[in-house]
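# With the sequence up front, the predicted model follows.
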Amino acid sequence: QVQLVESGGGLVQAGGSLRLSCAASGILFRMHNMGWIRQAPGKQREFVASISSSGSTKYAESVKGRFTISRDNAKKTVYLQMNRLRPEDTAVYLCAAGYRTVTWSDYWGQGTQVTVSS
């Protein structure tokens, strides 16, 4: 059974930091592209960052220079370090394995809420 379990969300003031984690099980983690996607209330899903099986990274323009995606294949975990958070970063953050697009991935986590207060 495949599971992606996100953690690390919470409430933080603008300018603060959070580190999200996504622990995977039931998949050959090191072979999968991994992604972080977010969805704010009333809005469509939005790409945040992705990391390929070889470690290549991509970021949305809105988070470049503030967020860093990384992976630890031994721990089967992908991380999203989020610095200098803004109120507009408030959303549910979802982890995806086998990531291709914001609506097309092999597996999805349940999400973790990030709320940034002004």
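Yep, that arrived.
# so residue 102 makes contact with residue 48?
No: between residue 102 and residue 48 there is no contact under CB atoms under 8 Å: 9.3 Å. For glycine as for every other residue, the C-beta is placed from the backbone atoms N, C-alpha and C.
# buried ones in stretch 53-64?
Judged by neighbour count using 16 or more other CB atoms under 10 Å, the buried positions of stretch 53-64 are 59, 63.
# again, but for stretch 74-92
Neighbour counts over stretch 74-92 (16+ other CB under 10 Å) mark 76-80, 82, 85, 89-92 as buried.
# Which of those fall within helices?
Taking DSSP state H, every one of the buried residues of stretch 74-92 sits outside helices.
# List the residues that contact residue 37.
With contact taken as CB atoms under 8 Å, 6 or more residues apart in numbering, residue 37 is in contact with 45-48, 93-94, 96, 99, 102.
# Mind telling me what element the residue sitting nearest the centre point of the chain is part of?
In the chain, the residue lying closest to the centroid (CA atoms, centre = their mean) is residue 36, at 2.8 Å. Taking DSSP states H and E as the criterion, residue 36 maps to strand 34-39.
# tell me which strands and helices the strand or helix carrying residue 47 is in contact with?
When secondary structure is defined by DSSP H and E, residue 47 falls within strand 46-51. Packing partners of strand 46-51 (3 or more CB pairs under 8 Å, 6 or more residues apart in numbering; DSSP states H and E): strand 34-39, strand 57-59, strand 67-72, strand 77-82, strand 91-101.
# Take those and lay them out in JSON lines including mean pLDDT.
Converted to JSON lines, those look like this (pLDDT from 0 to 100):
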{"stretch": "strand 34-39", "mean pLDDT": "97"}
{"stretch": "strand 57-59", "mean pLDDT": "98"}
{"stretch": "strand 67-72", "mean pLDDT": "98"}
{"stretch": "strand 77-82", "mean pLDDT": "98"}
{"stretch": "strand 91-101", "mean pLDDT": "95"}
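# right, so of the ones you listed, which gets closest to residue 28?
strand 91-101 (9.9 Å; CB to CB).
# Nothing else from me, thank you.
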